[in-house]
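Asks: predicted model, plus sequence, below.
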Amino acid sequence: MSRFLLRRLGWMILTIWVVYTVSFFLMRVVPGGPFDSEKNVPDVIKRNIEARYQMDRPLVEQYFTHLRNIMQVDWYQFRLVGFKGLLPIPRPDFGPSYKLEDYTVNEVLAQGFPISASLGIFAMVFAITLGVTAGLVSAVARDSFYDFSFMVMATLGIAVPNFVLASLAIVLLVFNWQIFPAAGWGELRQVVLPALCLGAPFAGYIARLTRTGMLEVLGLDYIRTAYAKGLSHQRVVLRHGLRGALLPVVSYLGPATAGILTGSLVLEQIFALPGMGSHFIEAATQRDYTLAMGVVLVYTFLLFVMNTLVDISYGVIDPRVEVE
Amino acid sequence: MNATTRRIFPYLMLLLILTALGWAVSFGTLPKADFTFNNGTEIQTVDPAKATGSPEGRIINALFEGLLRNLPEKEATDPHQVIPLEPTTGGVAESYQVSADGTVYTFQLRPSARWSNGEPMTAHDFVWSWQRMLHPETGSEYSYQLHYVVNAKKYNTAEVDVGDRVEIELKDRRDPLQAFPRGTLKRGILKAIKKPKRSSPGDDGEEADSREQWIYRVEVKPTSNGKVSWDAAGTLKTFSQQPPTGSTVDHACHHVLIDFDSNVEIRAIDDRTLVIKLNNPTPYFKQLLAFYPLYPVNRECVEKYGAPNWTKPENIVTNGPYRLEFRRIRDRLRLTKNPHYWDAKNVSLETIDALAITSYTTSLNMYINGQLDWSPTMPNTIMDLLRKRDDFVSAPFMAIYFYRINVERPPLDKKLVRRALNLAINKQLICDQITAAGQQPARSFVPPQLQGYTGQQSGAHDVARARQLLAEAGYPNGKGFPKVQILYNTSDSHQEIAEFIQQEWKENLGIDIELRNLEWATFLDTLNQGDYSVSRSGWIGDYPDPNTFLDMFVTDGDNNQTNWSNSTYDELIEAAKSESDATRRMEILQQAEEILMSELPILPIYFYVSTNLVSPRVKGFSGNIQDVHPLHILRVE
């Protein structure tokens, strides 16, 4: 297990380095820079602004300086049952934001991450709860009215883009029946609509996956044995059947996280949520190189961690799988 | 994986998810502010010397205060009124005098003016703030607004000539990355500059790069008690920012600039009196003093915390009607009333929230839902619906939408062609049907409503005459006219206008036009490189005077970008700068605009209007051509 984790750590470092390199050069290849404006300033002033951000240094030098800053580690002394050691805790310094001059990228990420994370968590929890329940009911009450309606809703949830869903939700729930505020961040109420719209397509997908998985499992021999032994419906389905059906759902959680991260970009704009998605879009359009890099690397890290968790949970859910 | 791990894993995951949910739910509620508005975007900075946009201006106008303050001439009773702004003595200056020739301004600061930490303001605050703004290392984009002051431009562009009194900052700063507080300053007379040999003479970029390697020979004068004895004998020393390999200098330095104290005419006679000398009588200098780049900052605060930490709410010291309570990035910025403000008793709103919503639709939704009291942004697509509302406030805006023409690309190098293109567009139709918010078609470059000035106009819409001119230019009915491309930045409204103009030129003149749209930053880059034939452009005036529009098009002006050059035009603009008689000056500028409108390196399309949605519970709001709405004069019911 620890060997597995260590190997994963190695791969993660490699992935982050590749993402950093590609992003670094790709961003600077695109025309336009952070200091272009419709009103032109004299060259002397422009050079001074660029010097402030060390943009007058050769590109390769900037690459290595920035990389060195990101790879900073704090050495943390720890004692564990008489065994003393030094643990490197990474403390990346992403530099100053080119466009938000009063802030460093670390400060912006520190503010934006909790917001995106809570939105993502709510959306994910909603998606899993709704999806698994709907899929379960559909599978057990197969070909009934419930099955049919849940699967139609699931398809709609997958097919309808989340911003269309958002517009519909706003028209209905904000203006028609004034239950929720239109946008903004701060209260619990304001998270509900965005989380619903974000989680809907994933709920749909998970519902279908659960249904298929469940149907497959329910046809297996050991389920027949369980029924034959006299176990109740509930026990058979929930205790014995669900485990097997969840495997495809768990493996979907990896790409689902990616989808939630990217889906949140549009929704954060619509609902005026100051999360990382907003920062990412603004950084890209304004050519805020450092902030964009920070967000990209955080996303990479998150995805990697999520996928690793998914792989570990495989081994938990299905004892036949060995995590190595 | 062993059985124990497997058993506890789901509970572990459940615990994790519950903690995450609990943490996500834990964000507390904010008490509602007295007044909430959408500022349109997260502001770049609150530092007056470094900010450039109008959202920044709104916040800086609330946090800081300059010598003069732009206020409406009279009190507003109805938001639909258009009341011009005046740079009044409602700022830090209690009174001021201008010399007869218009070049010397003397200000008396009010004794009750204080910083938000209780300290009184002095004239030295302004001297230091403006020196910081002009200092090349600050990189202020608006520093050209102080170039009207004697020797300010020279300081700002780091020009030094032999024989000048110079100041040299040695490399012993407390923090090498912070420009302030500065390192030890040596002052003296510049005797010689030794420049390294250049491989290719005449390359400006290389010259600028090699500046760091120049060796300055300076006769350093002795200093005692902070005063420099310029007449005493000095010692010769050499300085350089980065001496070239092989040579040594006495000291390495950060900057060699002309000595601010003895050259730049911004002087504090005493704590309450500030004297400024200008190169020319600049009638709009008062407006510049009421504009945020010239606002003062607190020296102790900036030097103690450095940039950007001094702008943090827990550190910042300001002198305006409001304090900075907190900033949540891309969410909101909260302002609370500053009790030390000299006029605090007349400031009505206790807390103001400035939101940073970029989506026009979301802003409109929040306004309609009552979450915003004022929305300056709204979607263009339903403008004709919004216009009919009572709370829709619009006023003429000192800005023009126009097309730049690259006059080096044939056939656009012919004046007759450009005139024909101008006459063939039905600008009234664009204003009525496409933009539909009350914009005015433009025939001059300078917007109307500028006092004492009448815009000189290009031809009116006349298709027959346009055809005639095109034929005279050698392309009867558009025959033989090469394909021309219109460049614009990606946006629905620009696309609609470009498509309309493409259609007009095709139908009326018989010429083929291609459309090309680019994302904003790419668009700017392309425009700057001159890689276009016709390009959509816009310009907002910095101050209410025709000069801000007309001096764009001098030869090689930074904002010209059309390759157009006319020496008579340049002379007229220059002459207007030193003309002290106000009427005569306007006449000179009108003559210049006449040339511009006859040559047409640009095609004026329409003049903007400012559009705002203002809740009826807001009082004290009025329109003006700069679309500036000071927050501290607003009240809510």
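Replies: Cool, the structure landed.
Asks: what's the longest helix seen in chain B in contact with?
Replies: When secondary structure is assigned using DSSP state H, the longest helix within chain B turns out to be helix B:3-25. Applying C-beta atoms under 8 Å, 6 or more residues apart in numbering or on different chains, the set of residues contacting helix B:3-25 from outside is A:1, A:114, A:117-119, A:121-122, A:125, A:188, A:191, A:313, A:315-316, A:319. C-betas here are computed from N, CA, C, even on glycine.
Asks: could you export it as PDB, CA atoms only?
Replies: Presented in PDB, the C-alpha positions along helix B:3-25 are these (Å, rounded to 0.1, in the frame of the first residue of the first chain):
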ATOM      1  CA  ALA B   3      -9.900  -6.600   6.400                       C
ATOM      2  CA  THR B   4      -9.600  -3.900   9.100                       C
ATOM      3  CA  THR B   5      -8.700  -1.200   6.600                       C
ATOM      4  CA  ARG B   6     -11.500  -2.200   4.400                       C
ATOM      5  CA  ARG B   7     -14.000  -2.100   7.200                       C
ATOM      6  CA  ILE B   8     -13.100   1.300   8.500                       C
ATOM      7  CA  PHE B   9     -12.600   2.800   5.000                       C
ATOM      8  CA  PRO B  10     -16.300   3.600   4.300                       C
ATOM      9  CA  TYR B  11     -16.700   5.200   7.700                       C
ATOM     10  CA  LEU B  12     -13.600   7.200   7.100                       C
ATOM     11  CA  MET B  13     -14.900   8.400   3.800                       C
ATOM     12  CA  LEU B  14     -18.300   9.300   5.400                       C
ATOM     13  CA  LEU B  15     -16.500  11.200   8.100                       C
ATOM     14  CA  LEU B  16     -14.500  13.000   5.500                       C
ATOM     15  CA  ILE B  17     -17.600  13.900   3.500                       C
ATOM     16  CA  LEU B  18     -19.400  15.100   6.600                       C
ATOM     17  CA  THR B  19     -16.500  17.300   7.700                       C
ATOM     18  CA  ALA B  20     -16.300  18.700   4.200                       C
ATOM     19  CA  LEU B  21     -20.000  19.500   4.200                       C
ATOM     20  CA  GLY B  22     -19.800  21.000   7.600                       C
ATOM     21  CA  TRP B  23     -16.900  23.200   6.600                       C
ATOM     22  CA  ALA B  24     -18.700  24.200   3.400                       C
ATOM     23  CA  VAL B  25     -21.800  25.200   5.400                       C
END
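Asks: of all the contacts of helix B:3-25, which two lie farthest apart?
Replies: Across the contacts of helix B:3-25, the two members that end up farthest from each other (C-beta to C-beta) are A:Leu188 and A:Pro319, 39.4 Å apart.
Asks: between those two, point out the one with more neighbours.
Replies: When A:Leu188 and A:Pro319 are compared on other C-beta atoms under 10 Å in any protein chain shown, the one with more neighbours turns out to be A:Leu188, at 14 against 11.
Asks: phi first, then psi, for that one.
Replies: Torsion angles at A:Leu188 (phi, psi; degrees, to the nearest 10) stand at phi -60, psi -40.
Asks: same thing with B:Thr336?
Replies: In terms of degrees, to the nearest 10, the main-chain angles of B:Thr336 are phi -120, psi 150.
Asks: relative to chain A, how far out is it?
Replies: 17 Å (C-beta to the nearest C-beta, to the nearest Å).
Asks: give me the neighbour count for the residue nearest to that residue when sequence neighbours are not counted.
Replies: Counting by C-beta to C-beta, 6 or more residues apart in numbering or on different chains, B:Thr336 lies nearest to B:Glu325, which is 4.6 Å off, once chain neighbours are set aside. Counted by other C-beta under 10 Å, the residues lying close to B:Glu325 total 15.
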